[in-house]
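J.: below: sequence and its predicted model.
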Amino acid sequence: MQFELDDDQRAWLAEVREFLSAHVTPALKAELAEHDLEFKGGEVAAFRRAIGEKGWFGLNWPVEYGGLGLSAVHQHLLVSEFEYWGVPGPDLTVTSVAPMIMRHGTEQNKAEFLPPIARGEMICAVGYSEPDAGTDLASLRTRAVLDESTGEWVINGSKIWNSGAQRSTHEWLCVRTDPDAPRHKGISVIIVPIDHPGVQIRPLIAWSGYRTNEAFFDDVRVPATNLIGEVNQGWRYITGALDLERGALTNAGDLRRSVEDLVELARQPQADGTVPADDPVAVRRLAGLVADVEAATLMGYEAASLLAEGTIPTVQVSTEKIFTSELRQRIADTAMDLLGPAGLLAHRNPEAPLAGAYERLYRTAPLLRFGAGTNEVLRDVIAQRGHALPSYGR
Amino acid sequence: MQFELDDDQRAWLAEVREFLSAHVTPALKAELAEHDLEFKGGEVAAFRRAIGEKGWFGLNWPVEYGGLGLSAVHQHLLVSEFEYWGVPGPDLTVTSVAPMIMRHGTEQNKAEFLPPIARGEMICAVGYSEPDAGTDLASLRTRAVLDESTGEWVINGSKIWNSGAQRSTHEWLCVRTDPDAPRHKGISVIIVPIDHPGVQIRPLIAWSGYRTNEAFFDDVRVPATNLIGEVNQGWRYITGALDLERGALTNAGDLRRSVEDLVELARQPQADGTVPADDPVAVRRLAGLVADVEAATLMGYEAASLLAEGTIPTVQVSTEKIFTSELRQRIADTAMDLLGPAGLLAHRNPEAPLAGAYERLYRTAPLLRFGAGTNEVLRDVIAQRGHALPSYGR
Amino acid sequence: MKLVASPEERDLRAMLHDLLAAECPTTLVRSLREPGADRFPATLWKSLTAAGVLGLPFAEEYGGMGGRLDDVATYVLEAGRALAPSVVTSTLAFGIAVDRLGGDDLRARHLPALSAGELRGTIALAAPGNAHDARPAFTAQRDGARWRISGQAEYVPDLDLADRVLVTADAEGETIGVVLAARADGVRSEPLDVMGGPGQFRLVLDGVGVEDADVTAPLGAPQLRAVSHAVAALHCVELVGVAEEALRRAVEHVRERHQFGRPLGSFQAAQHLVADMHIGIQAARLSALAAVAALGRGESGVRESAVARMHATKAAKVATLDAHQLHGGMGYVLETDLHLWSERARVLATLDGTADTAASWLAEEVGLDS
Amino acid sequence: MKLVASPEERDLRAMLHDLLAAECPTTLVRSLREPGADRFPATLWKSLTAAGVLGLPFAEEYGGMGGRLDDVATYVLEAGRALAPSVVTSTLAFGIAVDRLGGDDLRARHLPALSAGELRGTIALAAPGNAHDARPAFTAQRDGARWRISGQAEYVPDLDLADRVLVTADAEGETIGVVLAARADGVRSEPLDVMGGPGQFRLVLDGVGVEDADVTAPLGAPQLRAVSHAVAALHCVELVGVAEEALRRAVEHVRERHQFGRPLGSFQAAQHLVADMHIGIQAARLSALAAVAALGRGESGVRESAVARMHATKAAKVATLDAHQLHGGMGYVLETDLHLWSERARVLATLDGTADTAASWLAEEVGLDS
């Protein structure tokens, strides 16, 4: 095991930081604070173009697919650093969808979809969950039927938690193509352009202020070739993508920043003149967070190292996902405790410490405990896949 | 709700304390420290006789059965106070076994067994668990067959965690009397004198140093009238007894003492001159324990109040049992952390703080998390009985 | 010692539960926090007045119900469950402060109107984030026959709706209580935009003139603390109500929602989350009611108040956050309302002091202050 | 950065695992702690020597294997799992201290014998319960050509088995390292009866005479701390091994044990206990190895050591106690051995400092010391 960055990794990180120094402007931060990820055009869009120009959307793709051929560790370093700076980097389209197309897609899938993804022109919303099937993806009911006469898939159904649909170009849509097969066997993945007739998006606003969506599909028709890989094999593709998604979602870059900022804030006098860090109990809690972020960071490096060796580290990523999501909640709660009443001030209040970052984090944190696989299901995964305990029939 | 002792309760508590002041001698404490509860005769035996003379073994029994007819709250006050003083009080025989005989026993059962229990002459070991059936009592296999020719039950099988058998006079034995009935339906309770031929006791020593036993029954014969209540109705009797047992086991009197002693110890200079209570982090942890003991105490009063109204407060007692058993582990761990290396010293070491009480508590604490119904099963009970969540088929 | 509700207590709770269920739906709660909305719940206020809630703890001679502080707790528990607007509790807190700190005259002038629902009040008695710190935030200076009050206090609840506000002021070394008209000359109120919407204010007094009749006799710190702890203990009870409702909603959700072909609530992991919420709430409920009882008996109650806060803040935060976990996405979108309880929990868990703050009160009580 | 074991690391671990599985059964562990037993595991010692364990981190010129501190960690992890007698780690700690603090002469005199398994040692470098406090416990006074060493230290491991002990002494304001013969005149050793049986001692020196050749050059606090933290970090790795074995045993038990007609391990509550043990152990394992790596690279490593202790102490205590929970009564009786790991966990979680102690090191590192 090597616990230090090697020369190549150090140089890469320096390049990423240089890019961020140049492109993370106050205007970009202001737009993000105001619009989160929801704003079409403007500073965020320009920032995304700059990332695309570096080729970083496909940084860990093979060169043959237009990627840079860098390793999962490079990817991890970049994503963590973007998180640390609080800016959006490569999203699920490049980190989870594209790898599955490379691994399982037909030659036509690859030719048709990978180049626009690499250019940042094709962005997918991920259509897995349905109103009546949350974590239990395999019970999904959105149907796709092949119309032999036109060679088109005809899709009917609806999806929920369809995040980013309002700024996406396509759906990476999970559908049932064989209603008679056992639950996991009749599922396929189909790419659906979001501007197609019959697709409708309804916003859902989360506690965090984040916008997600419901998506409705009413006799939506797409070419047969929009099916990814083989028919009725979709379960494998989405579970693979989910593992990658969990990996991408569970870097601790933003948590490191949150804790560093909190440590710094705790050393400053508050409005009433008290300094939180003068209280040894507060210091003890902060030290606990620092130690947890260090462990989370190491978990991230371990998962990336395993990915770089070609394995999908399901158990490690589940561990990391649980650990970081519960840590996020501890950070938010500790911060609000330390800041006292001032910590309740919301972000538009000019007196809010760090522009209300922790008040917001408290509202954001719950999502990652249940999102991307509930922590309960992932604990089952650790026990069953990591320690060969028997399934209890879920 | 009344959060203060009333005059009657205050007078009762004063009487209990007066008794303890008179009878808890250094000799008694020394014997307890050396022999725990295991020593036949001597100071503990004399102490038990004194309790019997007060009539306190049957303090909450109806007067018709030779009891004092006092309430469950009186019982609770006494037991908590005995725990606080660190001396054995009324044991399971009087707090769980006898009430079940009163409630479900035949007239002959009552006449035969209750008077000697009240005098402290009949002490039962509780024979529930078997080597292959721990928490899952209903799968027990010890058999009792009625020999019609002699009118005797013939018993074969074995029991584990048969605590106190070495100083008991009888077994309160749970046996299968109808092997063809569904699991919970063919179970009966039979009283077996421990000195009967065919009964054999093998010691098992626990991590705490406490002695428990395996008990073996090889063609043991007892009169048909030793059957408690009705045949094949035993499941009801033992679950009722178990609820009472949990209530009796989960008073927080000893925990209150542990925390008070620890607070006091933390204020004294240690061998190296440092005072644990000078460290605000240590103080914060101690304050947490104090707050927890207060809550545990209130839980105990609530359960006793409900018992006094005639209900068996299953959910409340489960709550209290989980809370106090996990608190016990926190107290032990906190104490060892606060005392540092000196906290590792075992009780025979003259330098051990408080005669190694916390080193021992650390070893004692695990028992009550899994004993008397594992905390996992009791959490199921809270969810299913307290909140009507569906059984998952255990 | 009898920790079972009496029939009277059960009846009162049931009555208040039904009243709030009927007249304080979440649609009302939500509408009151809309930007620019009138924050006063006029219809509900009327019903609560009619039910005697505003006069619960005051003597009958002042138009009150002659109840105990415990009865106020019964209301506040249900208020927490229903997220009843805090102006009711703030007004009760004002009344309790007047009752305990003022003389007959102040009582007679305010409590009857208050019990009749005709007067709304609030208090600024303790430091924000520390109910045990009752040092006066204001100063009082003699100006002829009047007093001039100056200074500022933050996180004063419902100041926008109050007719009167009770503050404490340092009058040349002595602490006095001062009852101000909330809209008198020299009173400035600035909204603080906190989690969960409006309701907290900065109160700035710039030489506000008051008569001797509006001022209490000099007050000792223990006397002031007994009031601020009583209010804090009631807030602990409110936290318990918030937690109970979050638990109830979570249980209802997992009973109904099916995943993997069975109710979510049949999974042992879901059941254990529920059990842990239940355990935390039990600890909080008993210790919060014990604190109210002690303070209602006129004891200093610091120990009980500290214990209550340590349990109630934790139980309410855990219950609301774990309710989110049990609801999944379904509880995370605004339209399903759960966040309303989560925000109330976090706000109430902060204002009178966090668990760490309360632990410092408790440490002092048990001789562990160093 | 590559957090995957190399083939060489995997091979070394497998070899040590097999060796200890064969030669360090719990019967041996138990027999060494019987009252009055000879605590030296002669046969195991021979095998470990033959496998090169005693010389792992030392240069080949001193008869060592020329390995890194990370390789010692590989041994210690397996030692934790097997509860290998601590005399091995104590001797390695002595060697590491001589290697890092002593000059060529001290190294040449001790490391070859040590690598060959012919010399046993221990150290008394840091305060009990605080690896970061490396102030000398002894004083050294000039007595002609010799030094006279006096003072006492507690919780010195394996002093009964050691030939040499390295202590630090205050020599008129400068700190020097001193290598003593453990049975020299004036050396007194008193056993401390700690949890889990013998193994810790009070070392009392009453004017013990040593030559200049047995004394190091003056040492700075950072240099001393680098050694005490290296040893503490290795103990963290040992805690991880202890935790891993407790988890392994618990998993084995719940896989085999049936209750309610199904394996205990099929209950979700059991699976979640296992998952939480796993998560804690992962945090501990990675941070402990990171600390060893940092200290092996010659960095101060205080931050990493603190992080490792905070995770490893918790993970090992939780894993052993939850293993008891999963075993129920079956793991609570002495004859099933589980308590051996539980005791080792609690002892190791105490000696170099608790999580709270380590947190104070970390706070200082991140500028939070007040």
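T.: Received, thanks.
J.: grab the nearest non-local neighbour of residue 171.
T.: Answering for chain A, as no chain was given. residue A:192 (4.3 Å; Cβ to Cβ, 6 or more residues apart in numbering or on different chains). Placement of C-beta: from N, CA and C, glycine included.
J.: wrong one, chain C
T.: Closest to residue C:171 by Cβ to Cβ, 6+ apart is residue C:140, at 4.1 Å.
J.: quick one, strands of chain A?
T.: Using DSSP state E, the strands of chain A run over residues A:124-127, A:143-147, A:152-159, A:170-176, A:187-193, A:199-205, A:211-223.
J.: measure the residue nearest to the spatial centre of chain C to residue D:244 for me?
T.: In chain C, the residue lying closest to the centroid (Cα atoms, centre = their mean) is residue C:235, at 3.8 Å. Plainly put, residue C:235 is 46 Å away from residue D:244 if you go by Cβ to Cβ, to the nearest Å.
J.: so for residue A:303, what's the pLDDT?
T.: Looking at residue A:303, its pLDDT reads 93.
J.: surely it is in contact with residue A:318?
T.: No: Residue A:303 sits out of contact with residue A:318 when judged by Cβ atoms under 8 Å, with a separation of 9.8 Å.
J.: what is in contact with the two at once?
T.: Common neighbours of residue A:303 and residue A:318 (criterion: Cβ atoms under 8 Å, 6 or more residues apart in numbering or on different chains): none identified.
J.: mind listing what the residue of the stretch 101-250 of chain A found nearest chain B touches?
T.: Going by Cβ to the nearest Cβ, chain B is nearest to residue A:136 of the stretch 101-250 of chain A, at 15.7 Å. Neighbouring residues of residue A:136 by Cβ under 8 Å, 6+ apart: C:259-260.
J.: so how far is residue C:190 from it?
T.: 50 Å.
J.: got the residues of the stretch 1-150 of chain A near chain D?
T.: A:1-6, A:9, A:73 (Cβ under 8 Å from any Cβ of the partner chain).
J.: mind doing that once more with 7 Å?
T.: Applying Cβ under 7 Å from any Cβ of the partner chain, one finds that the stretch 1-150 of chain A approaches chain D through A:1-5, A:9, A:73.
J.: likewise chain C?
T.: C:267-269, C:272.
J.: quick one: low-confidence parts of the chain?
T.: No chain specified, so I'll use chain A. A:35-40, A:133-135, A:245-250, A:393-394 (pLDDT under 70).
J.: I was after chain C.
T.: Residue ranges of chain C with pLDDT under 70: C:370.
J.: which parts of it are helices?
T.: C:7-23, C:26-32, C:42-50, C:69-82, C:87-101, C:104-115, C:221-256, C:268-296, C:302-327, C:329-332, C:338-351, C:355-365 (DSSP state H).
J.: can I get the ones you listed in a markdown table including distance to residue B:165?
T.: Listed next are these as a markdown table, based on distance: least, Cβ to Cβ, whole Å:
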| stretch | distance to residue B:165 |
| --- | --- |
| helix C:7-23 | 46 |
| helix C:26-32 | 59 |
| helix C:42-50 | 62 |
| helix C:69-82 | 48 |
| helix C:87-101 | 58 |
| helix C:104-115 | 66 |
| helix C:221-256 | 43 |
| helix C:268-296 | 33 |
| helix C:302-327 | 40 |
| helix C:329-332 | 52 |
| helix C:338-351 | 50 |
| helix C:355-365 | 43 |
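J.: if we check chain B, which of the residues of chain C next to chain D are in contact?
T.: Okay, of those touching chain B (Cβ under 7 Å from any Cβ), that's C:267-268, C:272.
J.: and those, which is closest to chain A?
T.: residue C:267 (7.2 Å).
J.: now for the nearest residue to the closest one once chain neighbours are set aside: which residues touch it?
T.: Nearest residue to residue C:267, sequence neighbours excluded (Cβ to Cβ, 6+ apart): residue D:268, at 6.1 Å. Neighbouring residues of residue D:268 by Cβ atoms under 7 Å, 6 or more residues apart in numbering or on different chains: A:380, A:392, C:267-269.
J.: let's go with 8 Å and repeat that
T.: A:376, A:380, A:392, C:267-269.
J.: again with residue A:296
T.: Here residue A:296 is in contact with A:252, A:255, A:320, A:323-324, A:327 (Cβ under 8 Å, 6+ apart).
J.: pull the number of nearby residues for the nearest residue to residue C:115 once chain neighbours are set aside.
T.: Counting by Cβ to Cβ, 6+ apart, residue C:55 is the residue found nearest to residue C:115 once chain neighbours are left out, at 2.9 Å. Neighbour count of residue C:55, defined by other Cβ atoms under 10 Å in any protein chain shown: 24.
J.: I figured residue C:55 was touching residue C:61, is that so?
T.: No: using Cβ under 8 Å, residue C:55 is not in contact with residue C:61, being 11.2 Å away.
J.: point out the most buried one among the helices of chain C.
T.: helix C:302-327 (a mean of 28; mean count of other Cβ atoms under 10 Å in any protein chain shown).
J.: show me what it packs onto, helices and strands only.
T.: Contacts defined by 3 or more Cβ pairs under 8 Å, 6 or more residues apart in numbering or on different chains; DSSP states H and E place helix C:302-327 against helix A:357-370, helix B:280-308, helix C:221-256, helix C:268-296, helix C:329-332, helix C:338-351, helix C:355-365.
J.: can you put the ones you listed in JSON lines and add distance to residue D:302?
T.: What follows is the helices and strands packed on helix C:302-327, written out as JSON lines (distance: least, Cβ to Cβ, whole Å):
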{"stretch": "helix A:357-370", "distance to residue D:302": "28"}
{"stretch": "helix B:280-308", "distance to residue D:302": "19"}
{"stretch": "helix C:221-256", "distance to residue D:302": "40"}
{"stretch": "helix C:268-296", "distance to residue D:302": "36"}
{"stretch": "helix C:329-332", "distance to residue D:302": "41"}
{"stretch": "helix C:338-351", "distance to residue D:302": "34"}
{"stretch": "helix C:355-365", "distance to residue D:302": "26"}
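J.: closest point of the stretch 1-150 of chain C to chain A, which residue?
T.: Closest point on the stretch 1-150 of chain C to chain A, by Cβ to the nearest Cβ, is residue C:129, at 3.8 Å.
J.: could you measure from that residue over to chain D?
T.: According to Cβ to the nearest Cβ, to the nearest Å, residue C:129 and chain D sit 19 Å apart.
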